[in-house]
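> no sequence on this one, just coordinates:
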């Protein structure tokens, strides 16, 4: 009988950072539950994961729909068994960049409903599942937050407001789950080249030339994926509650 492969759940895995994370975890021996809004969007990622020898399945749902979380988690465990790793990657940007004084309640509720409320309650649902099973295998929860946890970007205030509380989410779950041997981490990407940043690429290119990022390049989805792979391995388990910046030193205070 072959050894059981650990199971990872990656939200927002149909493209960009989430897809890169799913691929990295498959290469490191995980089977992957690919979560995204629509199953069709994730079909290509699922096919690539299977080509790497991983079991992979899409579980389509809206992270903002908290009432759906229990059924989704039940479906994942019925398919893959115990969950060993959750990567909270799904998120949305501000509907429109603009003046902080013009942010509407609708925009605020939409962004925080996915990035904060949805992430908190989905983490809670997965954590309950993990807590119900004793396991000697490494178990991790990794939340992909943002340098916007600390760095103010006034043209997308609702986005920053949705990401900043994720720092506390990591601390809270790290303390709650530490006695169970479950490690919890916060990964903070900087300026990453994805479809979310495509519309402002020229702006960032200009800022790079002005020294915005000391490493002087775009971050890539694979940069974030490699960081998540290291955390999911369990080799850094005792560092639970820690933050890992993947930003080319963007967030380092400078004179």
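Perfect, thanks for sending it. Predicted model, so just to flag it, every value in this text is computed and none were measured. Residues are numbered from 1 along each chain as shown.
> any idea of the pLDDT on the spatially closest residue to residue 119 that is not a sequence neighbour?
Nearest non-adjacent residue to residue 119, counting by C-beta to C-beta, 6 or more residues apart in numbering: residue 88, 5.0 Å away. C-beta: built from backbone N, CA, C; applies to glycine. Residue 88 carries a pLDDT score of 98 in this model.
> Quick one: mean pLDDT for the host helix or strand of residue 49?
Using DSSP states H and E, residue 49 sits within helix 39-51. Taken as a whole, helix 39-51 has a mean pLDDT of 91.
> Show me what the helix or strand just after it pairs with in its sheet, parallel or antiparallel.
On the C-terminal side of helix 39-51, the closest following helix or strand by DSSP H and E is strand 56-60. If you go by DSSP bridges, strand 56-60 pairs up with strand 31-36 (parallel).
> Could you tell me which ranges of the stretch 1-150 of the chain sit under the pLDDT cut-off?
The stretch 1-150 of the chain contains residues with pLDDT under 70 at 1-2.
> where do the helices sit along it?
16-27, 39-51, 69-80, 105-112, 119-131 (DSSP state H, counting those that start in this stretch).
> I'd like to know which of the ones you listed lies nearest to residue 255.
helix 16-27 (31.2 Å; C-beta to C-beta).
> And the helices in the stretch 151-255 of the chain?
157-163, 166-177, 195-198, 201-209, 221-232.
> Tell me which of those helices lies nearest to residue 26.
That would be helix 221-232 among the helices of the stretch 151-255 of the chain, by C-beta to C-beta, at 10.0 Å.
> want to throw the helices of the stretch 151-255 of the chain into a markdown table with mean pLDDT, distance to residue 120 and mean neighbour count?
As requested, these are exported to a markdown table (pLDDT from 0 to 100; distance: least, C-beta to C-beta, whole Å; neighbours: other C-beta atoms under 10 Å):
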| stretch | mean pLDDT | distance to residue 120 | mean neighbour count |
| --- | --- | --- | --- |
| helix 157-163 | 97 | 11 | 23 |
| helix 166-177 | 98 | 6 | 18 |
| helix 195-198 | 76 | 21 | 12 |
| helix 201-209 | 85 | 30 | 12 |
| helix 221-232 | 98 | 19 | 22 |
